[in-house]
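Student: sequence and predicted model, in that order:
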Amino acid sequence: MTEQRHKYIFVIGGVMSGVGKGVATSSIGLILQSKGFKVNLIKIDQYLNVDAGTMNPTEHGEVFVLNSGLETDQDMGNYERFLNRELGPADYMTSGMVYKTVIERERNLEYGGKCVEAVPHIPEEIIRRIKLSATEAGSDITAIEIGGTTGEYQNIFFLEAARMMHRASPDDVIFVLVSYLPVPGNLGEMKTKPTQSASRMLNGAGIQADFIIARSETSIDQKRKEKLALFCDVKVEHVIAAPDVESIYDVPSNFENENMGHMLLRALKLEPLNKENGMTEWKEFVSKTKSATETVKIGIVGKYFDTGNFVLSDAYISVIEAIKHSAYANDRKPVLTWINSKDFETGEKDVSILKEFDGVVVPGGFGESGIEGKIKAIEYARVNKIPYFGLCYGMQLATIEYARHVAGLKDANTTEINKNGPYPVIDIMPEQKKHMAEGNYGATMRLGAYPAHLKKGTIAAEAYGKAEISERHRHRYEVNPDYIAQLEKAGLVFSGKSPDGVLMEIAELPTSVHPFFLGTQFHPELQSRPLAPHPLFSAFIKAAIARKK
Ligand code: GLN
């Protein structure tokens, strides 16, 4: 094959945010990958945070951690799930990262005495990062999602970078506008004007859209496709219908029904690399999401649920998706119920409602709010032999519950909540303490992939089918080494440990005592994929199905 030039697709939002740019970008990635290309996806966030780690999940959604430990936006999770591979730290950037690099470079005299200016120096740094990401991924095509919508101030430098890349290499760069088409209730008619305005706004930034993804409740009709084509200066077949769908996993097939992959390649002046349909496996997965009729009922006991319904699903998106992957793989339709753990503290709800569920999950979390309610829920699941899966905080709280009620360590706690309790079974490691004393909160968490050794004959070892694993972390506290012997003696099994044996990675109970009671210090949900469900989630779902029977 002759040396191919690298191709870039910029995905830009119009009219309003939250219409599924991330899923559109993920789907474009999957489609092009299925045509034989190596694709990488980049998420650009316009805010000044240097990473997503300091942002509140109730406002911004889940913090998705990469293997490298970089804390990123939840869209990166969708990218990994659709591409079915891991992405690197160069595949994510924020305005904060970009500005920081430029300012540091200036401080190091690297601009050689020149006046450092917002333009071109900021866009140049953005372009450097985009090209670095493409090189590091060794990909043929890079799709870049620019956060926000056209017309805002905040993403203007990213649009300028995109314009400059197109100017330098017009055959290798294309633009996709993901826009929203409202159907106002009083009119009952789909309106194209907001998208026309968005397209003009993009023109004002020197960018002409090549494709318009028309997001709307129902499919855009031919007449309106033609209208958009005329007024936004795109080919009519480049206006892609993107109606609301039941599941985000339906989007790639919908795009393919509009022949989008073929047209993207044509616009990039590429020929498909393979003849066969590379989406077969994906389509099999999607058909499972529709064919399952029997349910598996999972209760998720957490704390981020009281700010309105739309928030919770974003704060725990990877957990939800991981449960779905394993449920569908086992031909079950997952039914998820959100339970605010505070309701178990106030008496609003009785913990016995948990017996309605086939399995209970306590996901990750921080701070004091609602933790006694979570501990009550864990105790109920343990005593009543309901499959229990604890993720990070859910593992720490299960350890506390076991310490208090089985190992006889009354009032055991984590030092995150009680610094002076009698039994600090969960505590911060000395190294992290040092960072915190220095007020260096950005560096106080154990982040990213770490290896663990599994103990033979345990649920964990059985599920993974191997002795060594690598999983992603995001936490400050650990099981306190001073209490391990006592907890083990009381029957808790630490089935996963760091290679040096110091850090407890998985805690579980033997199946002779409980069908599935297991917690992980890491976040297994971050590595579950539609085409590769996570082994521990699958083991949990199997136990839940068995309980149902
Ligand atoms: N708050 C706990 C810790 O920092 C758990 C964190 C989490 O669940 N991600 O260790």
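Tutor: Nice, I can see it.

Student: interface residues of this protein facing the ligand?
Tutor: Residues of the chain lying near the ligand by CB under 6 Å from any ligand atom: 364-366, 392-393, 396, 416, 474-477. For glycine as for every other residue, the C-beta is placed from the backbone atoms N, C-alpha and C.

Student: repeat that for 8 Å
Tutor: Proximity of the chain to the ligand is confined to 363-367, 391-394, 396, 414, 416, 426, 428, 445, 474-478, 523 under the rule CB under 8 Å from any ligand atom.

Student: are any of these buried, and which?
Tutor: 363-366, 391-394, 396, 414, 416, 426, 428, 445, 474-478, 523 (16 or more other CB atoms under 10 Å).

Student: centre-most residue in this structure?
Tutor: residue 77 (2.8 Å; CA atoms, centre = their mean).

Student: tell me who's in contact with residue 62.
Tutor: Residue 62 is in contact with 74, 77, 314-318, counting by CB atoms under 8 Å, 6 or more residues apart in numbering.

Student: now do the helices in the stretch 401-549 of the chain.
Tutor: 430-437, 459-464, 484-489, 535-548 (DSSP state H, counting those that start in this stretch).

Student: save those helices as a markdown table, and put in mean pLDDT and mean neighbour count too.
Tutor: Compiled in a markdown table, the helices of the stretch 401-549 of the chain are given as follows (pLDDT from 0 to 100; neighbours: other CB atoms under 10 Å):
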| stretch | mean pLDDT | mean neighbour count |
| --- | --- | --- |
| helix 430-437 | 72 | 13 |
| helix 459-464 | 98 | 21 |
| helix 484-489 | 97 | 15 |
| helix 535-548 | 96 | 22 |
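
Student: which residue does the stretch 151-300 of the chain have closest to the ligand?
Tutor: residue 300 (13.6 Å; CB to the nearest ligand atom).

Student: just to revisit the earlier point, any chance of the helices of the stretch 401-549 of the chain in TSV, plus distance to residue 326?
Tutor: Output for the helices of the stretch 401-549 of the chain, formatted as TSV (distance: least, CB to CB, whole Å):
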stretch	distance to residue 326
helix 430-437	32
helix 459-464	11
helix 484-489	28
helix 535-548	4
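
Student: could you pull up phi and psi at whichever residue of the stretch 201-350 of the chain sits closest to the ligand?
Tutor: Per CB to the nearest ligand atom, residue 302 is where the stretch 201-350 of the chain lies closest to the ligand, at 10.2 Å. Torsion angles at residue 302 (phi, psi; degrees, to the nearest 10) stand at phi -140, psi -170.

Student: tell me the pLDDT at the residue lying closest to it once chain neighbours are set aside?
Tutor: Closest residue to residue 302 apart from its sequence neighbours, by CB to CB, 6 or more residues apart in numbering: residue 363 at 5.3 Å. With respect to pLDDT, residue 363 scores 95.

Student: please apply the same query to residue 49.
Tutor: For residue 49, pLDDT reads 89.

Student: tell me how many other residues surround it.
Tutor: Residue 49 has 15 neighbouring residues, counting by other CB atoms under 10 Å.

Student: and what of residue 101?
Tutor: Neighbour count for residue 101, taken as other CB under 10 Å: 17.

Student: quick revisit: the residues of the chain next to the ligand in strands, which ones?
Tutor: 391, 414, 426, 428, 474-475, 477-478 (DSSP state E).

Student: of the residues you listed, which pair is most distant in space?
Tutor: Pairwise distances across those (CB to CB) peak at 19.2 Å, for the pair 391 and 428.

Student: that older thread, and the residue of the stretch 201-350 of the chain closest to the ligand, how many neighbours?
Tutor: Counted with other CB under 10 Å, residue 302 comes out at 26.

Student: for it, name its beta-bridge partners.
Tutor: residue 340 (DSSP bridges).

Student: picking that back up, flag the least confident of the contacts of residue 62.
Tutor: Scoring these by pLDDT puts residue 314 last, at 76.

Student: name the SS class of residue 245, please.
Tutor: Secondary structure state of residue 245, per DSSP: H, G, I helix; E, B strand; the rest coil, is coil.

Student: which residues touch the closest residue to it other than its chain neighbours?
Tutor: The spatially closest residue to residue 245, leaving aside those adjacent along the chain, is residue 251, at 6.1 Å (CB to CB, 6+ apart). By CB under 8 Å, 6+ apart, residue 251 lies in contact with 20, 23-24, 26-27, 242, 245.

Student: got JSON lines for these, with distance to residue 10 too?
Tutor: Converted to JSON lines, the contacts of residue 251 look like this (distance: CB to CB, whole Å):
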{"residue": "20", "distance to residue 10": "16"}
{"residue": "23", "distance to residue 10": "16"}
{"residue": "24", "distance to residue 10": "12"}
{"residue": "26", "distance to residue 10": "15"}
{"residue": "27", "distance to residue 10": "15"}
{"residue": "242", "distance to residue 10": "17"}
{"residue": "245", "distance to residue 10": "24"}
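
Student: now, these that are in strands?
Tutor: Short answer: the contacts of residue 251 in strands (DSSP E) are residue 242.
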